[in-house]
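Colleague: here is my input; please provide its structure:
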Amino acid sequence: MKAFEYAAPGDLDDAIAMLSDAPGDSAVMAGGTDLVTSMKQGLVSPNRVVSLRNVKAINGIQEAGPDLRIGAATTLGELLGHSLVADLYPSITTAVKGIGSPQLMSVGTVGGDLLQAPRCWYYRNGMGLLADDAGAANFDGDSMAVEGDNRYHAIFDNKTAQFVSASSLAPALIALGANAVVRGPKKAEREIAVADLFRTPSSSDEREHVLKGNEVISHINIPASGAKNGTYEVRTRQGLDWPIVTASVAIASSGAKVVLGHVAPTPWVSDAAGKALGGKVDETSAAKAGEEAANGATPLSHNEYKVTLVKVAVKRAAMAAAAHG
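Modeller: Numbering: from 1, shown residues only. As a prediction, the model looks like this:
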């Protein structure tokens, strides 16, 4: 890890100004659980690291009228321990519980979880975001993930990028219709749907999210919809590990929403599965939703098993949502 300048301002706008002073050469640190690892691995080498640990304005959970406002610097442990989140949003609670690590729970943040870099082992070993830079003279430039060990990679939208979105919270937040408040220079603020934070990059030079280098998520707003909701995760083992497949379901009077995690470079919304659930959830409709969610999958050479797991996860998430309240 190379030497770098470290700053920990107490004001969000000061933090953004420091990021703006070194565009493309600075990095935001929330809990640091992902950034520090990425720096040690040589994946990123910023000259300036701007910590948000002292910015109290983006911490905590408050009711904002009928909605819930979650600071991006709120730790995962604080999120898990909040009684209102537990009562209204079991889909979020389930996702946080699945993380399992006391260390991550104590310092990992909501914003950090949303924007963490992919866990793809090709990327983490320096082959680029699209696994197309092996560094060998005879390498033909095709993605290593297409024919290599891709057992945990994408089964949707995987033509260009094969990594999967690593966020545990994103599927549940998207199903609930949450929005992210993004702060930029000169106090500029925009609110975008959490679903729109993510994108599939077309090259390894693009980010997997839409934020600029001098923008920061300040809060997440969850609208009060009264939706019943649930999450189901499929994991290989207990303890610190990322899920293989996740499904989050929210059922409101206006209809149902089904969002998959760890199956595409972005959280994957299945409109067909939501329509299959409709307003009435039982074993039959939940199973049908699972079938619909799996339609259109294009597995790679070693991850076809994920198609079955999608069906299972959606059915069980739908049943968990139906049992909420």
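Colleague: C-alpha only now, for contacts and for neighbours.
Modeller: OK.
Colleague: where along the stretch 201-325 of the chain do the strands fall?
Modeller: 216-222, 228-234, 245-252, 255-261, 268-269 (DSSP state E, counting those that start in this stretch).
Colleague: quick check, central residue of the chain?
Modeller: residue 167 (2.4 Å; C-alpha atoms, centre = their mean).
Colleague: and that one, what does it touch?
Modeller: Residues in contact with residue 167, defined by C-alpha atoms under 8 Å, 6 or more residues apart in numbering, are 113-116, 261.
Colleague: what ranges do the helices span in the stretch 201-325 of the chain?
Modeller: Taking DSSP state H, counting those that start in this stretch to define them, one finds helices in the stretch 201-325 of the chain at 271-277, 283-294, 305-323.
Colleague: give me the neighbour count for residue 228.
Modeller: Residue 228 is flanked by 23 other residues according to other C-alpha atoms under 10 Å.
Colleague: show me the contacts for it.
Modeller: Contacts of residue 228 (C-alpha under 8 Å, 6+ apart): 89, 250-252, 321-325.
Colleague: likewise for residue 57?
Modeller: By C-alpha under 8 Å, 6+ apart, the residues touching residue 57 are 11-12, 71.
Colleague: pretty sure residue 189 is touching residue 216, no?
Modeller: No - applying C-alpha atoms under 8 Å as the test, residue 189 and residue 216 come out as separate, 9.7 Å apart.
Colleague: look at the two and report which has more neighbours.
Modeller: Ranked by neighbour count (other C-alpha under 10 Å), residue 189 and residue 216 place residue 216 first, with 24 against 15.
Colleague: tell me the spacing between that one and residue 73.
Modeller: Residue 216 is 10 Å from residue 73, where distance means C-alpha to C-alpha, to the nearest Å.
Colleague: ditto for residue 264
Modeller: In terms of C-alpha to C-alpha, residue 264 sits 26 Å off from residue 73.
Colleague: who has more neighbours out of those two?
Modeller: Remark: of residue 264 and residue 73, residue 73 carries more neighbours, 27 against 23, as counted by other C-alpha under 10 Å.
Colleague: ok, the more buried one to residue 79 distance?
Modeller: Counting by C-alpha to C-alpha, the gap from residue 73 to residue 79 is 10 Å.
Colleague: ok, now residue 14?
Modeller: Distance from residue 14 to residue 79, by C-alpha to C-alpha: 26 Å.
Colleague: between these two, tell me which one has more neighbours.
Modeller: Remark: of residue 14 and residue 79, residue 79 carries more neighbours, 22 against 16, as counted by other C-alpha under 10 Å.
Colleague: neighbours around residue 26, how many?
Modeller: Neighbours around residue 26, by other C-alpha under 10 Å: 23.
Colleague: going forward can the numbers begin at 20, since that is how I track them
Modeller: Taking 20 as the first residue, the last one we looked at is residue 45.
Colleague: need the contact list for it.
Modeller: So residue 45 contacts 38, 65-69, 232 (C-alpha under 8 Å, 6+ apart).
Colleague: same thing with residue 206?
Modeller: Contacts of residue 206 by C-alpha under 8 Å, 6+ apart are residue 32.
Colleague: what's the spacing between it and residue 69?
Modeller: With C-alpha to C-alpha as the criterion, residue 206 and residue 69 are 17 Å apart.
Colleague: likewise residue 246?
Modeller: Distance, residue 246 to residue 69, using C-alpha to C-alpha: 37 Å.
Colleague: neighbour count winner among those two?
Modeller: Shown here are residue 246 and residue 69; by other C-alpha under 10 Å, residue 246 has more neighbours (24 against 21).
Colleague: okay, the contacts of residue 186 in a markdown table with pLDDT and distance to residue 115 next?
Modeller: Below are the contacts of residue 186 laid out as a markdown table (pLDDT from 0 to 100; distance: C-alpha to C-alpha, whole Å):
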| residue | pLDDT | distance to residue 115 |
| --- | --- | --- |
| 132 | 95 | 10 |
| 133 | 97 | 12 |
| 134 | 95 | 15 |
| 135 | 92 | 15 |
| 280 | 98 | 14 |
